[in-house]
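Enquirer: need coordinates for the following:
(one chain, ligands or ions: 1)
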Amino acid sequence: KQRTFAMVKPDAVAHMGEILKAIQDHGFTVSRMKLTRLSEEGAAGFYEEHKGKHFFDPLMQFVTSGPVLALELVAENAVARWRELIGPTDSAKAREAAPDSLRARFGTNATLNAVHGSDSAEAAAREAAFFFPDSRSC
Ligand code: ATP
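Expert: Sure, this is the predicted structure:
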């Protein structure tokens, strides 16, 4: 099985129950989960690859605007299957192209798009390590 990293963004945290149900219904196992907040430094680190892009400042503003739910998901082909379930980046386009997708259901536009999904197994490992730097027990 494969791991991927998912994040419910601040605009969709109020819908986390429905999103967790979709995760379960599509056969993913939740292996780690954390409700947390991104600091400005944390958000800039997490989205480092987008520094300098036109949407970087609104993206920083958005992802630091409230809590996020970080999740590590396990399933066969988890990276691709989670990207499929969340749908296209722009929630407005997702409503046309993939109306049942999570971004269509819970997002608004290209910035406020409800959920994140890693685009590769390598990105998933890096992003999970960012949110779950250790696996100690309490
Ligand atoms: P994510 O990485 O969050 O899963 P993605 O891989 O579909 O999304 P990226 O290109 O990695 O999209 O962009 C990261 C995030 O930046 C998007 O999820 C969205 O919130 C924001 N974003 C991306 N493209 C745009 C855009 N053209 N206009 C505004 N915001 C954008």
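
Enquirer: pass me the low-pLDDT residue ranges in this structure, would you?
Expert: The chain contains residues with pLDDT under 70 at 135-138.

Enquirer: close to the ligand: what parts of it are there?
Expert: Residues of the chain lying close to the ligand (Cβ under 6 Å from any ligand atom) are 50, 55, 59, 89, 110, 111, 113, 116, 117, 119. All C-beta atoms are positioned from the backbone trio N, CA, C, and that covers glycine.

Enquirer: switch to 5 Å and redo it
Expert: Counting by Cβ under 5 Å from any ligand atom, the chain comes close to the ligand at 55, 59, 89, 110, 111, 113, 116, 117.

Enquirer: please, a ChimeraX command that selects the buried ones among those?
Expert: Only the buried entries of the residues of the chain next to the ligand go into this ChimeraX selection, using 16 or more other Cβ atoms under 10 Å:
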select :59,110,111,113,116,117
